[in-house]
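J.: okay, structure incoming, though there's no sequence with it:
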């Protein structure tokens with residue numbers, strides 16, 4: 001099923017890139033977009049986890065670390081082998097999982113997350129990310145992040161191009177209406193795709209994590225702490241909608257951000273976790 005979803009997502013995104021190429025550059029634009037999409041498909045499938053780790057400057061956690069022992073114990077309980085644990089510097093409490101399969105998957109946690117949570121809460125968060133790997137939904141999320149980031153980048157370039165083109169009086173280069181439509185619709189499409197693939201998988205990962213730890217309250221407490229942070233702290237950098245689905249809770253606050261959030265409401269997740277009994 002996940003293979004079908006991955007193939008479908010790659011197909012949809014490829015067709016969308018071709019449409020962008022057609023609107024911007026006609027027949028030659030379509031050909032360039034097709035080649036670009038093929039390259040994106042290749043790199044997002046094989047190297048998406050390495051790209052994400054490089055962006056965050058994440059480092060492999062030493063095998064002697066107590067957190068590594070906790071992580072390995074959770075892997076044994078989940079009955080999977082291969083995932084690695086990384087840490088990266090950030091003032092925001094966050095964790096994510098990425099990769100294409102067990103052997104090429106990673107879980108990354110921020111330094112702030114480790115500092116803010118107690119052992120039960122940290123175990124719950126690690127189990128949640130391991131659950132994403134166990135449930136085989138990290139590949140499609142990684143591909144979505146890669147493509148959505150590219151779409152947002154193209155849309156941003158088009159919007160600035162339209163602004164500067166208008167100032168220069170250059171209204172003859174290509175279809176201004178087509179460019180404007182792409183600039184407006186591209187981020188919207190990226191958000192809708194993320195919302196479609198992410199909301200149900202978060203509930204499933206929460207439940208799987210509770211099964212692994214046998215302590216659903218650890219994760220529910222961690223979610224409340226992380227949510228409190230995002231509600232009461234101004235972020236150093238505005239989170240990108242293209243990668244917001246890789247946060248353990250949605251960092252997008254209010255208005256349109258809430259409407260197209262890639263995560264279900266935190267209160268509902270906590271409620272469901274607290275109702276689990278073993």
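T.: Arrived safely. None of the values given here were measured: they were computed from a predicted structure.
J.: from now on I want contacts and neighbour counts done on CA atoms only, so please keep to that.
T.: Will do.
J.: quick one: the helices in the stretch 51-200 of the chain?
T.: Assigned by DSSP state H, counting those that start in this stretch, the helices in the stretch 51-200 of the chain fall at 66-78, 111-116, 119-134, 138-168, 176-213.
J.: and those, which one is worst for confidence?
T.: Among the helices of the stretch 51-200 of the chain, helix 138-168 carries the lowest mean pLDDT, at a mean of 63.
J.: tell me the spacing between the residue nearest to residue 70 when sequence neighbours are not counted and residue 21.
T.: Leaving aside its sequence neighbours, residue 70 sits nearest to residue 123 (Cα to Cα, 6 or more residues apart in numbering; 7.0 Å). Distance of residue 123 to residue 21, computed by Cα to Cα, to the nearest Å: 46 Å.
J.: tell me which of those two has more neighbours.
T.: residue 123 (23 against 20; other Cα atoms under 10 Å).
J.: tell me the contacts of the more buried one?
T.: For residue 123, the contact set (Cα atoms under 8 Å, 6 or more residues apart in numbering) comprises 70-71, 213, 218-219.
J.: out of the residues you listed, who has the most neighbours?
T.: Neighbour counts for those (other Cα under 10 Å) peak at residue 219, which has 28 neighbours.
J.: gap between the closest residue to residue 215 other than its chain neighbours and residue 98?
T.: Of all residues not flanking residue 215 in the chain, residue 124 sits nearest, at 7.6 Å (Cα to Cα, 6+ apart). To residue 98, residue 124 is 18 Å away according to Cα to Cα.
J.: what's the answer for residue 62, then?
T.: Counting by Cα to Cα, the gap from residue 62 to residue 98 is 19 Å.
J.: ok, these two, which is more surrounded?
T.: Counting neighbours by other Cα under 10 Å for residue 62 and for residue 98 shows that residue 98 has the greater number, 29 against 12.
J.: so what sits opposite the more buried one in the bridge?
T.: Applying DSSP bridges to residue 98 gives these bridge partners: residue 106.
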